[in-house]
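Got a predicted structure here, sequence first:
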Amino acid sequence: MQKSMAQNLRMLLLCLCFLFLFKSWQVKAAVPKATEEYELGEEYEGKIAYHEKMRCFRFSLPESSHVTLSLKYYGKGCGGTIYDEFGNEVLRNEDLEFRRNFFTGWSSAILSRTLSSGTYYIKIWNEGRWKWQHCRFSFRIQAEKQVEILYIFCLYSFKKY
């Protein structure tokens, strides 16, 4: 009896090993289906209540561009991340270094990256822990076409007259 029980446990353990060790998967950030359209260059101001937790915006780049994100918030705190259309992070919240203005209470951060053409999503969330904490935020995303610098060297032949 104990021998068959031990064999069954070994088989169960072996099945679990195959299930967890040999299966590979990639975890991607989920982009919510309720996204709002965002027009590049516009300043968007909004508010996230405690029960909302986050807001998601979609924008598109027609060509490879140098993108600058300016994010400001007022309140307990907000976080922001930019994802590509496949759910990969291209700009993480940890990359943003917020500076607080003690006179106004607003915190702001600016970060730039070069992104290829495609559709991107920006997720902004409320980091407040209490129901009365809400987050007022403002952001602007500007895209500048990449400038390719072409160096032209001209060789002149100087003649002595």
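Looks like it came in fine. Everything quoted here is computed from the prediction, not taken from an experiment.

Just the helices from this protein, written as ranges.
For the chain, the helices identified by DSSP state H occupy 2-21, in order along the chain.

would you list every one of the strands in this structure?
Secondary structure of the chain (DSSP state E): strands at 36-37, 43-48, 54-61, 65-75, 78-84, 89-91, 99-100, 106-115, 118-126, 135-145.

where does this structure have low pLDDT?
When residues are selected by pLDDT under 70, those of the chain lie in 1-3, 12-33, 76, 128-133, 146-161.

Roughly how far does the residue positioned nearest the centre of it sit from residue 9?
For the chain, the residue lying nearest the average C-alpha position, counting by C-alpha atoms, centre = their mean, turns out to be residue 82 (2.1 Å). Using C-beta to C-beta, to the nearest Å, one gets 48 Å for the distance from residue 82 to residue 9. All C-beta spots, glycine's among them, are computed from the backbone N, C-alpha and C.

what's the answer for residue 72, then?
58 Å.

quick one: which of the two has more around it?
Between residue 72 and residue 9, counting by other C-beta atoms under 10 Å, residue 72 is the more crowded of the two (20 against 10).

What distance do you get for the more buried one to residue 83?
According to C-beta to C-beta, residue 72 and residue 83 sit 21 Å apart.

So what's the residue count around residue 96?
18.

And for the one 3 residues further on?
For residue 99, the number of neighbouring residues by other C-beta under 10 Å comes to 9.

Identify the nearest residue to it in space, disregarding sequence-adjacent positions?
residue 108 (6.1 Å; C-beta to C-beta, 6 or more residues apart in numbering).

and that neighbour, what are its bridge partners?
residue 72, residue 99 (DSSP bridges).

Please tell me how far the closest residue to the residue nearest to the centre of the chain other than its chain neighbours sits from residue 109.
Distance criterion C-beta to C-beta, 6+ apart; nearest residue to residue 82, sequence neighbours excluded, is residue 91 at 4.0 Å. In this structure, residue 91 and residue 109 are separated by 11 Å, where distance is defined by C-beta to C-beta.

Neighbour count for these two, which is higher?
Looking at residue 91 and residue 109 with other C-beta under 10 Å, you find the greater number of neighbours at residue 91, namely 20 against 17.

Surely residue 136 touches residue 74?
Yes. Under the criterion of C-beta atoms under 8 Å, residue 136 makes contact with residue 74 at 4.4 Å.

For the nearest residue to residue 83 once chain neighbours are set aside, name its beta-bridge partners.
In space, residue 83 comes closest to residue 121 once its chain neighbours are excluded; the distance is 4.7 Å by C-beta to C-beta, 6+ apart. Note on residue 121: beta-bridge partners by DSSP bridges are residue 58, residue 83.

Cheers, nothing more for now.
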